[in-house]
Structures are given as structure tokens and as C-alpha cells.
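A.B. asks: fold the following for me, if possible:
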Amino acid sequence: MTSYHPFSRRAFLGLALAALALIPSAPAVALSLSSEQEQAINGVSDYLNSFQTMQGEFTQISPKGNLSRGVFYISKPGKMRFEYAPPNPFLIVSDGKWLTVKNVKKEKGDQFPLSQTPLRLVLSNKVDILKDTKILDFQEQDGILSVTLEDKKNTLGSGQLTLVFDQTRQALQQWVVIDGKGRRTTVTLENAVAGVDADPQLFVVKINRKTKD
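C.D. replies: Predicted coordinates:
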């Protein structure tokens, strides 16, 4: 049976943009969590594990305040596509191994190993936030949970992620990426529908540039 999950447009795209900002940041100190806080965070992991496929629309606010819109497709494990609406020329695609950021007007772009980007945390078949990340901040009020996290190995070089999760509606409301220079990108997903299969060709992309190691 197809299930529906309201999402926030700026979430997964912020992850993709974080992959572009491979700027080393100093490891932060993990927060000491109570059992109740761990349970709440596990609820976010459970939500991310509740779907295999999803598609919908997104809006992004860049560090300079510029707004872009588009559509997205997710197919676990590891596959994702974000299409920006004109005049934004970029396309972001993960084929399960490589994350490609392409300028469709110039037919050029860059590729990064998916395993070295924050997207691996949400595109895997099994998401475990407590296991895979350091929790740096935890705020919970009126059914809204805000969690700031960093990769435990700190190999992403992309700073920190903040998840804002509506515990009543069981929906991710917002995802904020802060890179190693403190630049903030906010992504929200809307009209997201889970359980809809996407054309496999959506996750295939070619660029006129050698793959980066």
C-alpha cells in the first residue's frame, strides 16, 4: 500500500549541497543524551526508514538568501535526483555510488563518492542516527524536535546538520546544513509521496569531466 509522508523541501538538497562544501571542520563534542532523548532521535531514524522510494517538490534557500525550486526523486539504497527549475542550471544525481553535480547548460560537473557525503545517512537502507553521528544539540518543545548532528568520523568535511522533526505529524519539517565556514543552506520538501517507483534512468547522468577521487 502506498504511504504518504509530508517532508520539508530543503532537506535532502541541503545534504547534496553539503557534499559540495568539502571544507574541513574541527570535531565537535558529542552531547550526553538521556534515554528519553535517544528514544526521540530513534523516532527520526524510524521515519527515515519508513520508506524506500519518495518523490515530490523542493525549495532551497542558499547562504546568500537566494531561493530555488524543483522536483526530487529518491530510491533507496543510494539513489536520488534533484532537478532545479530554470533559471538554476544545476542537476544533482546519486546513482548509488557517486554523487554528481551537473551544470546542464554547460554539460559539465563534478562527482563525489556518495559514502563521503551526508546523503549516505538518509539514502541507506538502514538509517541509525545515534550510531552514525555525534549529537551536538537537542531541543524538544511542543512536539517539535530539533537535533544538530555531525558525522562521527568527521570525514565529510561538511560541517553540521540540523533536523527539525514534527513528532505529532511524524514528518521532517526542516533540514539545515552549516558547512565548515558557517554558511547555512536550508531545504524544505513539499507534496512528498512515498512508495512511488521512479524511472531508473532518472538516476543516470553523464558529465564531461573526470571523476574526482
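
A.B. asks: list the beta-bridge partners for Thr100.
C.D. replies: On the basis of DSSP bridges, Thr100 is bridged to Val93, Gln111.

A.B. asks: which residues touch it?
C.D. replies: Shown in contact with Thr100 (C-beta atoms under 8 Å, 6 or more residues apart in numbering): 91-94, 109-111, 205, 207. C-beta here means a position set from N, CA and C on the backbone, and glycine is covered the same way.

A.B. asks: distance check, the nearest residue to Pro113 once chain neighbours are set aside against Gln111.
C.D. replies: For Pro113, ignoring the flanking residues on the chain, the nearest one in space by C-beta to C-beta, 6 or more residues apart in numbering is Trp98 at 6.6 Å. Trp98 is 5 Å from Gln111, where distance means C-beta to C-beta, to the nearest Å.

A.B. asks: out of these two, which sits in the busier spot?
C.D. replies: Gln111 (21 against 18; other C-beta atoms under 10 Å).

A.B. asks: and Lys106, what element?
C.D. replies: Using DSSP states H and E, Lys106 maps to neither a helix nor a strand.

A.B. asks: longest helix of this protein?
C.D. replies: helix 35-48 (DSSP state H).

A.B. asks: Ile92: how many residues sit nearby?
C.D. replies: Around Ile92 there are 25 residues (other C-beta under 10 Å).

A.B. asks: likewise for Asp46?
C.D. replies: With other C-beta under 10 Å as criterion, Asp46 counts 12.

A.B. asks: if we can go back for a sec, neighbour-wise, which of the contacts of Thr100 leads?
C.D. replies: When neighbours are counted by other C-beta under 10 Å, Ser94 leads those with 28 neighbours.

A.B. asks: OK, contacts around the residue nearest to that one when sequence neighbours are not counted?
C.D. replies: Using C-beta to C-beta, 6+ apart and skipping residues adjacent in sequence, the residue nearest Ser94 is Met80, 4.3 Å away. Met80 is in contact with 12, 16, 72-74, 92-94, 119, 123, 203, counting by C-beta under 8 Å, 6+ apart.

A.B. asks: per-residue pLDDT of Met80, please?
C.D. replies: With respect to pLDDT, Met80 has a value of 94.

A.B. asks: same thing with the one 3 residues further on?
C.D. replies: Per-residue pLDDT puts Glu83 at 94.

A.B. asks: show me what contacts it?
C.D. replies: Counting by C-beta under 8 Å, 6+ apart, Glu83 has contacts 70-72, 91.

A.B. asks: with Val205 instead?
C.D. replies: Contacts of Val205 (C-beta under 8 Å, 6+ apart): 91, 93, 95, 100, 102, 109.

A.B. asks: okay, the longest helix of the chain in CSV with CA atoms only?
C.D. replies: Extracted in CSV, the C-alpha atoms of helix 35-48 (Å, rounded to 0.1, in the frame of the first residue of the first chain):
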residue,chain,number,x,y,z
SER,A,35,17.3,7.5,27.4
GLU,A,36,14.2,9.7,26.5
GLN,A,37,16.3,11.8,24.2
GLU,A,38,17.7,8.8,22.5
GLN,A,39,14.3,7.4,22.0
ALA,A,40,13.1,10.6,20.4
ILE,A,41,16.1,10.6,18.0
ASN,A,42,15.4,6.9,17.2
GLY,A,43,12.0,8.1,16.1
VAL,A,44,13.6,10.3,13.4
SER,A,45,15.6,7.3,12.2
ASP,A,46,12.4,5.2,12.2
TYR,A,47,10.8,7.8,10.0
LEU,A,48,13.7,7.8,7.5
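
A.B. asks: okay then, goodbye and thanks.
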